[in-house]
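Colleague: everything below, folded, please.
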Amino acid sequence: TLVPNHMLGRVSSLDHVTAAGIIPVANAAAGIVASGVGARPTLVGAGVFSASSTLVFLAVWPSMRASEHDGSMARSDAFA
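Modeller: Just a heads-up that it's a prediction; the model follows:
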């Protein structure tokens, strides 16, 4: 993994707290947008945003596409 073993708990908790904290904000924003343009365009826009942001992330960080087992990703002990 890219995270050192001694930091996995902290990184995981930050991931969970961030994901749980963004849900109400995203729901409020989606409600505001949906009240203006409708539910269907809001959901389509959210899907397009999610797919495009995933593709951009994979293009910017190509090592994430590599398999963990082929040895191409850096080992966590290299960062310690």
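
Colleague: can you pull out the strands in this structure?
Modeller: For the chain, strands defined by DSSP state E do not occur.

Colleague: longest helix of it?
Modeller: When the chain is parsed with DSSP state H, its longest helix is helix 8-37.

Colleague: list the buried residues for that one?
Modeller: Within helix 8-37, the residues that count as buried by 16 or more other C-beta atoms under 10 Å are 33-34. To be clear about C-beta, it is placed using only N, CA and C from the backbone, and glycine gets the same treatment.

Colleague: for that helix, the distance to its chain's centre please.
Modeller: Averaging C-alpha positions (C-alpha atoms, centre = their mean, to the nearest Å) puts helix 8-37 11 Å from its chain's average.

Colleague: tell me what that helix is packed against?
Modeller: Helix 8-37 is packed against helix 39-60, with contacts defined by 3 or more C-beta pairs under 8 Å, 6 or more residues apart in numbering; DSSP states H and E.

Colleague: average pLDDT for the helix it packs on?
Modeller: In this model, helix 39-60 has an average pLDDT of 93.

Colleague: now do that helix: distance to the chain's middle.
Modeller: With C-alpha atoms, centre = their mean, you get 12 Å for helix 39-60.

Colleague: give the buried residues for that helix.
Modeller: By neighbour count on 16+ other C-beta under 10 Å, the buried set for helix 39-60 is Thr42.

Colleague: how close does the residue of the chain positioned farthest from its centre sit to Val60?
Modeller: In the chain, the greatest distance from the average C-alpha position (C-alpha atoms, centre = their mean) is reached by Gly36, at 26.9 Å. Separation of Gly36 from Val60 (C-beta to C-beta, to the nearest Å): 31 Å.

Colleague: show the pLDDT at the residue farthest from the centre of the chain.
Modeller: As predicted, Gly36 sits at a pLDDT of 96.

Colleague: can you check Ser67 too?
Modeller: Ser67 is assigned 58 on the pLDDT scale.

Colleague: residues contacting Ala30?
Modeller: Neighbouring residues of Ala30 by C-beta atoms under 8 Å, 6 or more residues apart in numbering: 42, 46.
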